[in-house]
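1. Below are the sequence and a predicted model for it; my questions follow.
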Amino acid sequence: MGNIRLEAVHKAFGGVNVIPGIDLDIEDGSFVVFVGPSGCGKSTLLRLIAGLEDVTSGRIFIDGANVVDLPAARRGLSMVFQSYALYPHMSVRNNIGFGLKMAGQPKDEIKRKVEAAAASLNLTQYLDRKPGQLSGGQRQRVAIGRAIVREPKAFLFDEPLSNLDAALRVNMRLEIASLQKKLGTTAIYVTHDQVEAMTMADKIVVLNAGNVEQVGSPIELYERPANLFVAGFIGSPKMNLITGAPASSLGAETIGVRPEHLVAARDGEGWKGRIAVAEHLGSDTFLYVEVPGVGTLTSRTVGELGFKAGESVVLIPDAKRIHRFDKTGKAIR
Amino acid sequence: MSTRETRAVGRLLVAPSVILLFLWMIVPLALTIYFSLLRYDLLNPGMETFAGLDNYYWFLTDPAFSTALANTLMLVGAVLVITVVGGTLFALLLDQPVFGQKVLRLMVIAPFFVMPTVSALVWKNLLMHPVSGLFAWIANSLGLTPVDWFAEVPLLSVILIVAWQWLPFATLILLTALQSLDEEQKEAAEMDGAGAIPFFFYIVLPHLARPITVVILIETIFLLTVFAEIFVTTGGGPGLQTTNIAFLVYAQALLQYDVGGASAGGIVAVVLANIVAFFLVRIIGKNLEA
Ligand SMILES: Nc1ncnc2c1ncn2[C@@H]1O[C@H](COP(=O)(O)OP(=O)(O)OP(=O)(O)O)[C@@H](O)[C@H]1O
Ligand SMILES: [Mg+2]
């Protein structure tokens, strides 16, 4: 079991309200990703749940019990840190088993569990090495092993992949996601990489300046962003946001069109402009188009269309997929 | 410094200082060895004759030598234990966010800046004096008989004084090391449920292994040659109870005017220091490897 509920959780450092007040429900077994720009309070929120930081006010329930007064070790959670935080003088075996040892489990029990965890992470041959003798990816695995071996109610990850190179990141992303599904343990995962968020999450929590902007499945956030912030944050390349005449003609303050919903054509009915930059990836073509009176728009078209910079082009938005936002930035539905 | 060329340049550049240091060391050493082979009495200067290894024979078979050797090892060992254990405790304490932390740190470091003769005099006359010392006053006001430190427990008194002087050094090094302990590692241990005591033994102590090694090695070098504290307080006595090798060499040369014997003692001390260093490096030197 690993149901986590936050009620009016508030955190201030000195006089600064880092988290003004958050309510959140995390179901057992789900993979929840906290995503948001740097400094928005993701790590702080995670550390509040972990018990590494005290809440200023509010309540945190794990499986129905309020844990705000419990020390970190007694909350039954385990954490994977960005810097791995392995114990440098202990072998991989002792690193993974340290929590069990502290919990006073019998030696052969520890040995069995550590070896099982190591096997599931392909670490068996490294069990007797020190962390200093491992590669970054292997260290990351050890840190994950240390987390799973204690059979926690939930895993907490704080940007665990940010020190790895791009290829390894994709691998580890898959590995973590499938491991979590296999174990069925609740996971909270902090990242500022929205690709990680979109690919791994059952549920994404978008944070901005300590506030929850929107909670939902990746597709929900993509298809129906609740406000301008989420619209701009989720999706890559970023959604085109257009103000002025085109927006007011649709009864909105701002309209948003994703690059993939803005088809580029030689001629037709739409926004006419000049291509400033054309990026040809083979599979996709990204065009950055200057449209007079509207601004620079990004268009993404599947396949190779042979557009060149300097040519004029017409951008045709998919009328059904235009997002409208009012003055306060909220979506108009 | 990894290609052959850069290494060669490096050697060339450090050569002058290496040569200078080598001369600095080898000239006095050679002279001492030369003197140690002479019958050289300061009361009859100019009458030196070759003595062969006689000086060594007399120095090593002198009963004072074995006593001095035991005292030296006792002094070094006891001060090392006190400063390393005490330094670790102080460092742990000073690492806590306590009120007046900066002033406290300064106060703990202060003894290191007091020169050995002065601190020995302060201890002798203001603290340990059997009549007018602070300890005597405390004992009296508690209705106990004051201890006559330098008469009853002379070696312990010297050990206390020297330990007091070296405690700040150990504390400082260990405190710096403690502060470099990774914050996330502490948190990981917290999540793993390590309480204060397991945390100390499994995380902090291994982290301190290297700085403790450094403290032991550096202190040993200086503690083998403690002299001022003994000279000022007990003068090696009562009897030979606080005579260490360094003081014995001094007594040989300037109280008995025997330069040859003292030089032999000096060479013996050098050999002993190297033996101690050899064993120390063997025992704890592996902590220094990365
Ligand atoms: N111990 C602290 N004392 C004071 N302010 C803090 C402390 N820890 C964090 N903050 C502040 O709280 C805010 C949120 O920090 P947090 O570390 O949660 O950001 P984050 O979302 O994890 O950012 P990043 O993606 O860069 O890791 C920041 O403005 C930071 O300056
Ligand atoms: Mg962070």
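-> Alright, I've got the coordinates. Ligands and ions are numbered 1, 2, ... in the order given.
2. now the strands for the stretch 51-200 of chain A?
-> Remark: strands of the stretch 51-200 of chain A, listed N- to C-terminal, are A:57-62, A:65-66, A:77-80, A:154-158, A:186-191; assignment by DSSP state E, counting those that start in this stretch.
3. In its sheet, which strands sit next to the first one, and in what direction?
-> If I follow you right, that is strand A:57-62. Paired with strand A:57-62 in the same sheet, following DSSP bridges, are strand A:4-13 (antiparallel), strand A:65-66 (antiparallel).
4. can you list the strands of the stretch 51-200 of chain A in TSV and add mean neighbour count?
-> (C-beta placed from N, C-alpha, C; glycine too.) Formatted as TSV, the entries for these read as follows, by neighbours: other Cβ atoms under 10 Å in any protein chain shown:
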stretch	mean neighbour count
strand A:57-62	17
strand A:65-66	10
strand A:77-80	27
strand A:154-158	25
strand A:186-191	26
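5. Can you say which of those strands is nearest to ligand 1?
-> Proximity to ligand 1, assessed across the strands of the stretch 51-200 of chain A by Cβ to the nearest ligand atom, is greatest for strand A:186-191 (6.5 Å).
6. any bit of that closest one sitting next to chain B?
-> No. Residues of strand A:186-191 are not located near chain B by Cβ under 8 Å from any Cβ of the partner chain, the shortest gap being 13.7 Å.
7. Okay, angle between that strand and strand A:154-158 too, please.
-> Between the direction of strand A:186-191 and that of strand A:154-158, the angle (axes from the mean of the first three to the mean of the last three Cα atoms, to 10 degrees) works out to 10 degrees.
8. helices or strands up against strand A:186-191?
-> In this structure, strand A:186-191 packs against strand A:31-35, helix A:42-50, strand A:154-158, helix A:166-183, helix A:194-200, with contacts taken as 3 or more Cβ pairs under 8 Å, 6 or more residues apart in numbering or on different chains; DSSP states H and E.
9. change it to 7 Å
-> Packing partners of strand A:186-191 (3 or more Cβ pairs under 7 Å, 6 or more residues apart in numbering or on different chains; DSSP states H and E): strand A:31-35, helix A:42-50, strand A:154-158.
10. Give me the phi and psi for the residue in the stretch 1-150 of chain B that ligand 1 sits nearest to.
-> Proximity of the stretch 1-150 of chain B to ligand 1 (Cβ to the nearest ligand atom) peaks at residue B:97, 13.1 Å away. As for residue B:97, its main-chain torsions (degrees, to the nearest 10) stand at phi -80, psi 90.
11. Let me know the pLDDT of it.
-> Predicted confidence (pLDDT) for residue B:97: 79.
12. what about it, neighbour count?
-> The number of residues packed near residue B:97 is 5, by other Cβ atoms under 10 Å in any protein chain shown.
13. Also residue A:289?
-> Other residues near residue A:289 number 27, with proximity taken as other Cβ under 10 Å.
14. Help me confirm that it comes into contact with residue A:313.
-> Yes. In this structure residue A:289 lies within contact range of residue A:313 using Cβ atoms under 7 Å: 5.9 Å.
15. shared neighbours, the two?
-> A:273, A:275 (Cβ atoms under 7 Å, 6 or more residues apart in numbering or on different chains).
16. Within range of chain B, give me the residues from the stretch 101-250 of chain A.
-> Proximity of the stretch 101-250 of chain A to chain B (Cβ under 7 Å from any Cβ of the partner chain) is limited to residues A:102, A:103.
17. ok and the residue in the stretch 101-250 of chain A nearest chain B?
-> Shortest the stretch 101-250 of chain A-to-chain B distance, computed as Cβ to the nearest Cβ: residue-wise this is residue A:102, at 4.3 Å.
18. Helices along the chain, start to end?
-> The chain I'm using is chain A. For chain A, the helices defined by DSSP state H cover A:42-50, A:92-102, A:107-120, A:136-148, A:166-183, A:194-200, A:218-223, A:228-233, A:245-248.
19. that's the wrong chain, I meant chain B
-> Read by DSSP H, chain B holds these helices, from start to end of the chain: B:4-36, B:54-61, B:63-95, B:101-109, B:116-122, B:134-141, B:149-152, B:154-179, B:183-191, B:196-198, B:205-223, B:228-233, B:245-250, B:259-284.
20. Noted, bye for now.
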